[in-house]
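Visitor: Next input, structure requested:
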Amino acid sequence: MLPNNVLRCPTCRALVTKDDEYFPFCSDRCRLIDLGKWASGEYRISSPILDPEVLEGLSEENRRPKNEDDDD
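Guide: You can find the predicted model right below:
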């Protein structure tokens with residue numbers, strides 16, 4: 001188990017301390033690699049919708065036919 005002030009770089013898994021310049025990454029290179037993955041869509045935050053009101057609103061939108069006269 002690692003000490004509290006030491007983590008692994010999310011990109012290359014090297015050990016990093018909270019005092020390191022690029023924390024939580026080990027270097028600017030690893031930070032930019034991670035940023036590129038977010039920008040390209042390789043990383044996603046995805047979870048199911050559990051709020052009943054949101055689900056109800058989505059199902060109503062799908063059932064309602066879209067008219068050209070609508071101001072949506």
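
Visitor: quick one: the residue most central in space within the chain and Pro10, what's the gap?
Guide: Geometric centre of the chain, nearest residue: Ile45, 4.0 Å, by C-alpha atoms, centre = their mean. Ile45 sits 15 Å away from Pro10 when distances are taken as C-beta to C-beta, to the nearest Å. (Each C-beta comes from the backbone N, C-alpha and C, glycine too.)

Visitor: Can you classify the residue nearest to the centre of the chain by secondary structure?
Guide: Following DSSP: H, G, I helix; E, B strand; the rest coil, Ile45 is assigned to coil.

Visitor: Any figure for the gap between it and Arg31?
Guide: Distance of Ile45 to Arg31, computed by C-beta to C-beta: 19 Å.

Visitor: May I have the phi/psi pair for Leu7?
Guide: In terms of degrees, to the nearest 10, the main-chain angles of Leu7 are phi -130, psi 180.

Visitor: try the one 3 residues further on
Guide: Dihedral angles phi and psi of Pro10 (degrees, to the nearest 10) take the values phi -60, psi -20.

Visitor: Quick check, it in contact with Leu35.
Guide: No. Pro10 is beyond contact range of Leu35, at 11.3 Å (criterion: C-beta atoms under 8 Å).

Visitor: more crowded one of these two?
Guide: Between Pro10 and Leu35, Pro10 has the larger neighbour count (other C-beta atoms under 10 Å), namely 15 against 12.

Visitor: In the chain, mark out all the strands, start to finish.
Guide: All strands of the chain, identified by DSSP state E, fall at 6-8, 15-17.

Visitor: show me the contacts for Cys9.
Guide: Under the criterion of C-beta atoms under 8 Å, 6 or more residues apart in numbering, the neighbours of Cys9 are 15-16, 24-27, 30.

Visitor: Could you check how far the residue nearest to it when sequence neighbours are not counted is from Gly36?
Guide: Nearest residue to Cys9, sequence neighbours excluded (C-beta to C-beta, 6 or more residues apart in numbering): Cys26, at 4.1 Å. Separation of Cys26 from Gly36 (C-beta to C-beta): 16 Å.

Visitor: now Cys30
Guide: Relative to Gly36, Cys30 is positioned 11 Å away (C-beta to C-beta).

Visitor: More neighbours: which of those two?
Guide: Neighbour totals were compared for Cys30 and Gly36, and Cys30 leads with 19 against 11 (other C-beta under 10 Å).
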